[in-house]
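K.L.:
Only the shape, not the letters, is given here:
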């Protein structure tokens, strides 16, 4: 059970990092396209 919870938390944090990087990339490209 503990291993499952640990795996779930690792997957969640990894997903958060991916989502943040993608939003950051889209935000910077939108800003660059605006100038």
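P.N.:
Perfect, I can see it now. In this text the structure is predicted, and so the values were computed from the model without any measurement.
K.L.:
just so I have it, where are all the strands in the protein?
P.N.:
Taking DSSP state E to define them, one finds no strands in the chain.
K.L.:
what about this structure, any weak spots by pLDDT?
P.N.:
The model of the chain has no residue with pLDDT under 70.
K.L.:
What segments of it are helices?
P.N.:
2-34 (DSSP state H).
K.L.:
Neighbours of residue 18, how many?
P.N.:
Using other CB atoms under 10 Å, residue 18 is surrounded by 10 other residues. In short, each C-beta sits where N, CA and C put it, glycine included.
K.L.:
What's the separation between it and residue 10?
P.N.:
To residue 10, residue 18 is 13 Å away according to CB to CB, to the nearest Å.
K.L.:
ok, now residue 23?
P.N.:
When residue 23 is compared with residue 10 (using CB to CB), they lie 21 Å apart.
K.L.:
before we move on, what about residue 22?
P.N.:
19 Å.
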